[in-house]
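>>> One predicted model, sequence on top.
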Amino acid sequence: MTYRYTDPDGHEIETAPETHWGGEPVVTIRARGNGATIPVRIPLDRLEEFIAGARDAGRQAARQEQHAPATTTGLVVQPYRTDRGDPAWVFRCWGTDSCDGWLSLDHTSQQSAERARDRHVAEEHGGDPR
């Protein structure tokens, strides 16, 4: 079974079960974007560690967002740094009567985060964010 995720910028991550050198079972994650594909093979005995690390990164990003300035609309688009120190953008909706909230991480530009915000508002709030 293959799982795919595509971010708002069109970059894709695909996971697939495979057998690596020497017959070792692995989960291969292929990151695609900007004309390149990078495979990363994770042995099954390290998979939970990888997943836990990804969850921790999400929690850290959420903690950074908790310190974001409040807005009257409950919508925030702001820059931050990833764990590796790379610049990124995040969109956060703090929730309303029609929405439980939303966190969208690792956008490569402010425009990408704003597109995610606009899409969320149209789909979940039935309106225009401006």
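Received it, and whenever you're ready, just let me know what you need.

>>> Secondary structure class of the residue positioned nearest the centre of the chain, three-state.
Centre of the chain computed as the mean C-alpha position; nearest residue by C-alpha atoms, centre = their mean is residue 105, 4.3 Å away. Three-state secondary structure (criterion: DSSP: H, G, I helix; E, B strand; the rest coil) places residue 105 in strand.

>>> Report the separation between it and residue 50.
17 Å (C-beta to C-beta, to the nearest Å). Yep, even glycine has a C-beta here, placed from its N, CA and C like the rest.

>>> Quick check: next helix or strand after the lowest-mean-pLDDT helix or strand in the chain?
Taking mean pLDDT, DSSP states H and E as the measure, helix 44-66 is the helix or strand of the chain with the lowest mean score, a mean of 80. Sequence-wise, the next helix or strand downstream of helix 44-66 (DSSP states H and E) is strand 75-81.

>>> Relative to that following strand, what are the paired strands and their orientations?
Using DSSP bridges, the neighbouring strands of strand 75-81 in the sheet come out as strand 87-93 (antiparallel).

>>> Nothing else from me, thank you.
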